[in-house]
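Chemist: I need the structure of the sequence given here:
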Amino acid sequence: MARIDRFFDELLARKGSDLHLGIGYPPMIRARGELVPIRETPIDASEMEALLFEITTAEERAKITGELDLDFAYQYAEKARFRANYFHKTTGLAAVFRIIPTRILSLDDLGCPEVVRRLADKRSGLVLVTGPTGSGKSTTLAAMIDHINATRPCHVLTIEDPVEFVHQSKMAQVTHREVGPHASSFAAAIRSAGRENADVILIGELRTNETMKLALQLASFGVLVFGTVHTNSAAATIDRIINAFPADEQPQVRGMLAESLVAIIAQQLLKTADGAGRVAAHEILVGSSALSAMIREGKTFQIPNIMQAGGAQGMQTMDAALERLVQKGTITPDVALEKAIDKESFQKVIAQKLVGGLA
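Modeler: Sure, this is the predicted structure:
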């Protein structure tokens, strides 16, 4: 048993999501969204090295020493799997471990809107799941891949750094490739994916304009491509992709995105009203001819209007999703307001609903 495993046991016992280790600070876990210490004494440099290097290979130790950063996955017996990030900060070596649940939650388990299931049933195009770090993007994507795996015979390829959720093949054949051990880069793996006869491709993160362009090309070739982007809204996601390219390439990218975009799911993770857990709120934009025209013409500021009018297609704005969660009593108005896009308007709507409910 590695020394760090006792911290993982504490994390699992408290149903936490992350373990934070830093020199000069006690070990801390994130439980129900809050960071809390799990002992009083801080970690010193010698203990930190002992904790972190006991579970790494010689090559991984060389990488954190030479490149000052390391990402990998750690399997703790049969108990859990963790996504690990080692890095350096002002006090020295540090690390954050995020738990990857052993059991892949279904779309029903997550309470995802029905439209998310319909998006997973698509046969081609680009589906983006976006949100800040820790918003549950990987969990939602894993549920979508699990739905595909259980419902149709196809080849599913995942390209990640590191591999997070491990899918056992059901109706589909699932192939996992990890950047580093299996491919030199995301771009190299995506280029190779076109020759690997995949029907569905999950790209862990679209970080560069090169990976974005390759993903768009695959989506236009009749492959269903899933990817993540660190943005907070559907409109911001489209702008982020287009603005990642030089001005002379942007018209071409607008055209590719307009043709291949199936949907954007932007999500936030919020503390529940009872304090017992967290729940996801989803903003959903579904592709249409109207959306394609807006993308081509650079009128992304009009996208909220499409979502507001697209309820029949399963579309909704983030503020509408938050409003529903408040109405159900799942989250408090204060928590919802913190994540709302148009805070002033949202505050007025919630105030009116509360007054109406009391009348």
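Chemist: hey, let's count contacts and neighbours off CA atoms from now on
Modeler: Will do.
Chemist: same question for stretch 350-359, mean pLDDT?
Modeler: The average pLDDT for stretch 350-359 rounds to 62.
Chemist: same question, stretch 201-208
Modeler: On average, stretch 201-208 scores 92.
Chemist: Likewise for stretch 311-322?
Modeler: 95.
Chemist: Output that stretch in CSV with nothing but the alpha carbons.
Modeler: The C-alpha coordinates for stretch 311-322 follow below in CSV (Å, rounded to 0.1, in the frame of the first residue of the first chain):
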residue,chain,number,x,y,z
GLY,A,311,-37.4,24.7,-26.5
ALA,A,312,-39.1,22.2,-28.9
GLN,A,313,-35.7,21.0,-30.0
GLY,A,314,-34.5,20.7,-26.4
MET,A,315,-32.5,23.9,-26.4
GLN,A,316,-32.3,26.1,-23.3
THR,A,317,-30.1,28.9,-21.9
MET,A,318,-28.1,28.6,-18.8
ASP,A,319,-30.3,31.0,-17.0
ALA,A,320,-33.4,29.0,-17.9
ALA,A,321,-31.8,25.8,-16.6
LEU,A,322,-30.9,27.6,-13.4
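Chemist: how far does that stretch sit from the chain's center?
Modeler: Centroid separation for stretch 311-322 versus its chain: 19 Å, with CA atoms, centre = their mean, to the nearest Å.
Chemist: So which bits of it are buried?
Modeler: By 16 or more other CA atoms under 10 Å, the buried positions in stretch 311-322 come out as 314-322.
Chemist: of the residues you listed, closest to Arg14?
Modeler: Leu322 (27.2 Å; CA to CA).
Chemist: Within the helices and strands, which one has that closest one?
Modeler: Assessed by DSSP states H and E, Leu322 sits inside helix 318-327.
Chemist: which helices and strands does that helix pack with?
Modeler: In terms of contacts (3 or more CA pairs under 8 Å, 6 or more residues apart in numbering; DSSP states H and E), helix 318-327 is packed against strand 278-286, helix 333-339.
Chemist: Just list what the helix or strand just after the longest one packs against, helices and strands only.
Modeler: Where DSSP H and E defines the elements, the next helix or strand beyond strand 278-286 is helix 289-297. The helices and strands touching helix 289-297, judged by 3+ CA pairs under 8 Å, 6+ apart, are helix 250-260, helix 303-309.
Chemist: which outside residues touch helix 289-297?
Modeler: 238, 251, 254-255, 257-259, 300, 302-303, 306 (CA atoms under 8 Å, 6 or more residues apart in numbering).
Chemist: Now rank the residues you listed by neighbours and give me the top one.
Modeler: For those, the largest neighbour count, defined by other CA atoms under 10 Å, is 25 neighbours, found at Leu257.
Chemist: Name the SS class of the nearest residue to that one once chain neighbours are set aside, please.
Modeler: With CA to CA, 6 or more residues apart in numbering as the criterion, Leu257 has its nearest non-adjacent residue at 6.7 Å, and that residue is Leu216. With DSSP: H, G, I helix; E, B strand; the rest coil as the basis, the three-state label of Leu216 is helix.
Chemist: my guess is Leu216 contacts Ala258, does it?
Modeler: No: with contacts counted by CA atoms under 8 Å, Leu216 stays clear of Ala258, the gap being 10.0 Å.
Chemist: can you give me how far the helix holding Leu322 is from the chain middle?
Modeler: 20 Å.
Chemist: now the helices: where do they sit in the stretch 1-150 of the chain?
Modeler: 5-13, 45-53, 58-67, 107-110, 114-120, 137-151 (DSSP state H, counting those that start in this stretch).
Chemist: For Val279, find the nearest of those helices.
Modeler: helix 107-110 (8.1 Å).
Chemist: residues making contact with the closest one?
Modeler: With CA under 8 Å, 6+ apart, helix 107-110 has contacts from 116-117, 140, 143-144, 147, 280.
Chemist: Go again with 10 Å.
Modeler: Helix 107-110 is contacted from outside by 113-114, 116-117, 136, 139-147, 279-280, using CA atoms under 10 Å, 6 or more residues apart in numbering.
Chemist: cool, stretch 339-358 as well?
Modeler: Taking CA under 10 Å, 6+ apart as the rule, stretch 339-358 contacts 232-233, 268-270, 281, 317-323, 326-327, 333-334, 336-337, 359.
Chemist: List buried residues within those residues.
Modeler: For the contacts of stretch 339-358, buried by 16+ other CA under 10 Å: 232-233, 268-270, 281, 317-323, 326, 333, 336-337.
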